[in-house]
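*Asks:* Fold the following, please.
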Amino acid sequence: MRSLGIFILLLSFTVIFVGCGENPSAEIEEEETEPVEVVIDEEPIDIEEPDEEPVIEYPFSFPFTGLGTEEEALERPVMVMVENSPNARPQSGLHQADIVYEILAEGEITRFVAVYQSESPEIIGPVRSIRPYFVEVGEGLDALIVHAGWSQEAMNMISQRGLPNFDEVYGDGAYYWRSDDRRPPHNLYTNTELIREGASNKGYRDTWADVDLTFADIETILDGDPASEVEIPYLLGYKVNYEFNEEENVYYRYMAGEAHKDRETEEQLVADNILIAEASHYVLDNLGRRDVDVYGPGTGYIIQSGKAKSITWEYVGGIIRAFDENQQEIPLLSGKTWIHIVPIGSAVAIQ
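*Replies:* Okay, here's the model as predicted:
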């Protein structure tokens, strides 16, 4: 009996020991875990679209560019004779001109007539002399005429017609300066601030007769042939090229095979409108001075937005304008305009 009691006691301790050795986590693993309820918002999520840039409507526009402005442009334009010989390149301030004429001068060089109103460059030049047909361009624009020297006929024309002018060679040197990094005569410069100061000092009229140019609606596309490249073969080393940039909708200008850039900013010159006018040219003397017909009518091309159209041109209301086959004026695109007057029969290439 005593042995049986000891056996029962040992058996009880074994049961207790085994119970204590069980894995306590087993019971936890068997417990059911309540599911987590995930709530999804059934409302659509609004993704904000980037705001479109607001279209600014200006009360006025610049007469020569058609671009908007907060204040009416009433100042007389400034017309500067800018040299284009190789020693004068790169020029300063041409990229800020509203309109630039390029016309043959004496010999076989071209010269620029740069017209400023919407912008006021700090440096314009090099400035050179004037000829009668350049005077006629300036008179039509009712501009302040800026030059350094003149032919006798040009001087007579300015004097007889009482045109406002600034001649560095004969008395108006205060409105110019010469740079030290180029040799004369390729180092003469001015700016619009000096010229407007001079106009006040000389008592020139400050009101202006608007030339009233016609500009297109933004949606207007020229009805013409493709024109991604333009070549204007002025004489000798004065070949001009333009290449159309479709993304920017402008033509980049090249001079004698190189990008034509501003001297100070290195910004390449561009045109929104290119007008090519074939005109009569006559050599007058053994120095190669010319007479150029800037009045027309004549034939030529207008080039805009990758398109070119044959036109007739005529000097009307103070400026050369393009007309279609129905004699309706072709509007300009807002922006900068280059007008090239070339001899009749020039081998202009457009493709």
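*Asks:* The residue nearest to Glu246 when sequence neighbours are not counted: what's it in contact with?
*Replies:* Spatial nearest neighbour of Glu246, chain neighbours left out: Gly306 (6.3 Å); criterion: Cβ to Cβ, 6 or more residues apart in numbering. Backbone N, C-alpha and C define where each C-beta goes, glycine included. If you count contacts by Cβ atoms under 8 Å, 6 or more residues apart in numbering, Gly306 has them with Pro226, Ala227, Ser228, Phe244, Glu246, Asn249.
*Asks:* State the phi and psi torsions of Ser334.
*Replies:* Ser334 adopts backbone torsions of phi -60, psi 130, taken as degrees, to the nearest 10.
*Asks:* Same check on Tyr315?
*Replies:* phi -80, psi 110.
*Asks:* before we move on, what about Asp181?
*Replies:* Dihedral angles (degrees, to the nearest 10) for Asp181: phi -100, psi 10.
*Asks:* Go ahead and confirm it touches Tyr189.
*Replies:* No - if you go by Cβ atoms under 8 Å, Asp181 and Tyr189 don't touch, sitting 11.1 Å apart.
*Asks:* Looking at those two, which has the bigger crowd around it?
*Replies:* Tyr189 (23 against 5; other Cβ atoms under 10 Å).
*Asks:* mind listing what that one touches?
*Replies:* Ser92, Ile123, Ile124, Gly125, Pro126, Val127, Tyr176, Trp177, Arg178, Ser179.
*Asks:* per-residue confidence for the second one?
*Replies:* Looking at Ile123, its pLDDT reads 98.
*Asks:* From here on, call the first residue 14.
*Replies:* Sure thing, new numbering starts at 14, so read that last one as Ile136.
*Asks:* Tell me how far it lies from Arg266.
*Replies:* Separation of Ile136 from Arg266 (Cβ to Cβ, to the nearest Å): 19 Å.
*Asks:* So between these two, which is more surrounded?
*Replies:* Arg266 (23 against 16).
*Asks:* these two touch, right, the more buried one and Leu282?
*Replies:* Yes - using Cβ under 8 Å, Arg266 makes contact with Leu282 at a distance of 4.3 Å.
*Asks:* Now list whatever residues contact both of these two.
*Replies:* His273.
*Asks:* So Gly237 sits against Lys322, correct?
*Replies:* Yes - in this structure, Gly237 is within contact of Lys322 by Cβ under 8 Å, at 3.5 Å.
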